[in-house]
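J.: Make a model of this:
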Amino acid sequence: LISAVDDQNLTIGDLFLISGSRGLAVLLLLPSLLLLMPFGFFPGSSTILGVIVLIISTYMMLGRTSVPLPKRISRISLPGDKLKPGLARMLPLSLWIDNWLGRRLVKVADNKYIVQFSGAVVALQALLIIVVGIIPGMPTILSFIMLMTALGLIVHDGLVLVLAHTGFLGTIIVLIIVLL
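T.: Next comes the predicted model:
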């Protein structure tokens, strides 16, 4: 991404084109991180963020690589000379994540059907966050699993995806036991 940014202005639409198939997974990072932080504990925040995640994951389920943005938003210009240093500051964290997560089971992570399945799983997580968000800790657990799913898709780590989906299955089993 850094190499694609020069000193000229870039639009938000251009950033989505550059990020390609990873764009939707990157979009999942922000709401899942917000749900993990104290912001997620404000009343109603889990519902709003759950709806945002539901929209993004629906596009993943449909096999799309980006969310259609209104023209007004996609034309917003970002100054390249300010964007490039910000991206450069994020590079060490990005490299650290790449080193820890790696590229394991890449055929799993790059399979379009697995990506669509991951979108369906994240959509279920978003629905649960919206519906049972009042259960203490449930949005936090689900958003951590969502974060794992997004990171697995971004760095093409199929093992992280498998662990995330297994964690979601375990969460469903615990939820059923608690509700019965």
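J.: need the helices for this structure, in chain order.
T.: Listed in chain order, the helices of the chain (DSSP state H) span residues 12-19, 23-36, 45-61, 71-74, 80-101, 106-109, 112-131, 138-154, 158-179.
J.: So which bits of the second one are buried?
T.: Of all the residues in helix 23-36, those buried under the rule 16 or more other Cβ atoms under 10 Å are 23-28, 31-36. All C-beta spots, glycine's among them, are computed from the backbone N, C-alpha and C.
J.: just these now: which is nearest R75?
T.: Distance from R75 was checked for each of the buried residues of helix 23-36 by Cβ to Cβ. The minimum falls on G23, at 17.0 Å.
J.: I figured that closest one hits R64, correct?
T.: No - look at G23 against R64 with Cβ atoms under 8 Å: they stay out of range, at 9.5 Å.
J.: Determine the set of other helices and strands touching the lowest-mean-pLDDT helix or strand in the chain.
T.: Using mean pLDDT, DSSP states H and E, the weakest-scoring helix or strand in the chain turns out to be helix 12-19, at a mean of 71. Using 3 or more Cβ pairs under 8 Å, 6 or more residues apart in numbering; DSSP states H and E as the contact criterion, the neighbours of helix 12-19 among helices and strands are helix 71-74.
J.: With just CA atoms, put the helix it packs on into CSV.
T.: The C-alpha coordinates for helix 71-74 follow below in CSV (Å, rounded to 0.1, in the frame of the first residue of the first chain):
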residue,chain,number,x,y,z
LYS,A,71,-19.8,8.8,-4.9
ARG,A,72,-19.5,11.7,-2.4
ILE,A,73,-17.5,9.5,0.0
SER,A,74,-15.4,7.7,-2.6
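J.: Please list the residues outside it that contact it.
T.: Residues from elsewhere that reach helix 71-74, judged by Cβ atoms under 8 Å, 6 or more residues apart in numbering: 11-13, 16.
J.: which residues of the chain score low on pLDDT?
T.: Counting by pLDDT under 70, the chain has low-confidence residues at 1-8, 18-21, 39-41, 80, 83.
J.: One more pass at 80, please.
T.: By pLDDT under 80, the low-scoring segments of the chain are 1-23, 38-44, 65-69, 74, 77-103, 133-137.
J.: so what's the residue nearest the centre of the chain up against?
T.: For the chain, the residue nearest the mean C-alpha position is L28 (2.1 Å; Cα atoms, centre = their mean). Taking Cβ under 8 Å, 6+ apart as the definition of contact, the neighbours of L28 are 53, 56-57, 122, 146-147, 149-150.
J.: rewinding a little: out of the buried residues of helix 23-36, which is nearest to L87?
T.: Proximity to L87 was ranked across the buried residues of helix 23-36 by Cβ to Cβ; first place goes to V26, at 12.5 Å.
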